[in-house]
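**Student:** My questions concern the predicted model and sequence given below.
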Amino acid sequence: MDKTVLDAEKNEASQATAWSVFSELVKLRLTTMVLITTLVGFYAGLDAESGGLAQNLAKLGLTLLGTGLLAAGASILNQYLEREHDAKMERTAMRPLPSGQIGAEAALLLGGAVSVGGLLALAAWVNLLVAVLGAVTLVTYLFIYTPLKRKSEWNTIIGAIPGALPPLMGWAAVRGEVDPMGWTLFAILFFWQVPHFMAIAWMYREDYEKAGFVMMPSVNGGGPRTGRQAISHTVFLIIASLMPFTMKLAGAVYVSGAVLLGGLFLWAAMRFSRQLTRQSARVLFFASIIYLPLLLGLMVVDKLKIGG
């Protein structure tokens, strides 16, 4: 009986470890956010010509499948490229590669195969435009943003480009094109990322320095510039968030919530810029992770309300 219990506990522990390695390797929370923003872009793109959600469930599923594979593959390859630097950071030292839970060669092969699989799925089952946008996301993330983190404090701005493409991919999956509303979704995600990651960079600036990453809070005069970037991009975010209303693609429910959320986010950014403390950075970080899902949720609710 005791041996059976021990074996069961070992098996559960092994499964838990495997799941932990997998979720960390594919950056499950980040991949989930990519899928959510893609879903919102897809839903926002539905119109009378494309039909309702029920008529597009298969396309939605294939879009999310391809995008999810691409996001997971990019995360694996990013960790492969940064494995030596991750080993120097307390925050990332226990990731699967620097901790030795998976070999570098295996990660490279897995990440490459999953990424290519995602691109092929999008090209074959969704449309070529979405696959091209996916390829741009992959190349920008891995071969421009990732090496730039060790060379320029402006890497966060560049890194916001691949992070903002998933909702545009969702939109293009339905519409087969990118138009002003699709670019508006891109702009919302782009501008949101800057204060979000400025807060993270401030909180972990010593850790980033130790690993050899050049982040804005760590360079000379970086503190005030970090605060200014957080404020300016939050202002741009608020302007971008109002565009769906000005384009008559969202109603009163959405714009009221967007104004309120934008005001609270701007308050957090201004507080951070004035104080430049770890506590004010944490407030800005939490404001950012509250803002985005609520804004996207309002977009969906408003579309449901107006019968979109």
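**Tutor:** Arrived safely. Keep in mind that what you see is a predicted model, and the values were worked out from it rather than measured.

**Student:** and T67, what pLDDT?
**Tutor:** T67 is assigned 98 on the pLDDT scale.

**Student:** what sits against it?
**Tutor:** V34, L35, T38, G118, L122, G134, P166, M169, G170 (Cβ atoms under 8 Å, 6 or more residues apart in numbering). (Each C-beta comes from the backbone N, C-alpha and C, glycine too.)

**Student:** cool, and S99?
**Tutor:** So S99 contacts A93 (Cβ under 8 Å, 6+ apart).

**Student:** mind checking the SS state of it?
**Tutor:** coil (DSSP: H, G, I helix; E, B strand; the rest coil).

**Student:** quick one: it from A93, how far?
**Tutor:** 7 Å (Cβ to Cβ, to the nearest Å).

**Student:** Over to S288?
**Tutor:** 25 Å.

**Student:** hang on, I76 packs against A107?
**Tutor:** Yes. Here I76 reaches A107: they are 5.6 Å apart, a contact under Cβ atoms under 8 Å.

**Student:** Please say which of these two ends up with more neighbours.
**Tutor:** Using other Cβ atoms under 10 Å, the more surrounded residue of I76 and A107 is I76, with 26 against 19.

**Student:** how near is that one to M33?
**Tutor:** Computed as Cβ to Cβ, the I76 to M33 distance reads 17 Å.

**Student:** repeat for R205
**Tutor:** With Cβ to Cβ as the criterion, R205 and M33 are 23 Å apart.

**Student:** Neighbour count: those two, which is higher?
**Tutor:** Between R205 and M33, R205 has the larger neighbour count (other Cβ under 10 Å), namely 21 against 18.

**Student:** got the contact list for that one?
**Tutor:** With Cβ under 8 Å, 6+ apart, R205 has these contacts: M215, P217, S218.

**Student:** A58 now?
**Tutor:** Neighbour list for A58: empty [criterion: Cβ under 8 Å, 6+ apart].

**Student:** Can you point out the helix or strand that includes it?
**Tutor:** In this structure, A58 sits in helix 57-81 according to DSSP states H and E.

**Student:** Output whichever helix or strand comes after that helix in PDB with nothing but the alpha carbons.
**Tutor:** For helix 57-81, the following helix or strand on the C-terminal side (DSSP H and E) is helix 83-86. Written as PDB, here are the backbone C-alpha positions of helix 83-86 (Å, rounded to 0.1, in the frame of the first residue of the first chain):
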ATOM      1  CA  ARG A  83      19.800  30.900 -22.600                       C
ATOM      2  CA  GLU A  84      23.200  32.200 -21.500                       C
ATOM      3  CA  HIS A  85      21.900  35.600 -20.500                       C
ATOM      4  CA  ASP A  86      18.800  34.100 -18.800                       C
END
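
**Student:** What is the helix or strand that helix 83-86 is followed by packed up against?
**Tutor:** Sequence order places helix 104-125 as the next helix or strand after helix 83-86, per DSSP H and E. Applying 3 or more Cβ pairs under 8 Å, 6 or more residues apart in numbering; DSSP states H and E, one finds that helix 104-125 contacts helix 57-81, helix 128-139.

**Student:** For the ones you listed, give me a markdown table that also has distance to L237.
**Tutor:** Output for the helices and strands packed on helix 104-125, formatted as a markdown table (distance: least, Cβ to Cβ, whole Å):
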| stretch | distance to L237 |
| --- | --- |
| helix 57-81 | 22 |
| helix 128-139 | 20 |
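
**Student:** Out of these, flag the one nearest A211.
**Tutor:** Nearest to A211 among the helices and strands packed on helix 104-125 is helix 57-81; the distance by Cβ to Cβ comes to 12.9 Å.

**Student:** Now find how far off-centre that closest one is within its chain.
**Tutor:** When distances are taken as Cα atoms, centre = their mean, to the nearest Å, helix 57-81 is centred 12 Å away from the chain's centroid.

**Student:** for stretch 119-137, same thing?
**Tutor:** 18 Å.

**Student:** for stretch 150-161, same thing?
**Tutor:** Distance of stretch 150-161 from the chain centroid (Cα atoms, centre = their mean) equals 14 Å.

**Student:** Find the helix or strand that M299 is a member of.
**Tutor:** helix 278-305.

**Student:** Summarise which helices and strands that helix is packed against.
**Tutor:** helix 28-45, helix 180-203, helix 222-246, helix 252-275.

**Student:** Just want the angle from it to helix 222-246.
**Tutor:** 10 degrees (axes from the mean of the first three to the mean of the last three Cα atoms, to 10 degrees).

**Student:** how far out from the middle of the chain is helix 278-305?
**Tutor:** Worked out by Cα atoms, centre = their mean, helix 278-305 lies 13 Å from the chain centre.
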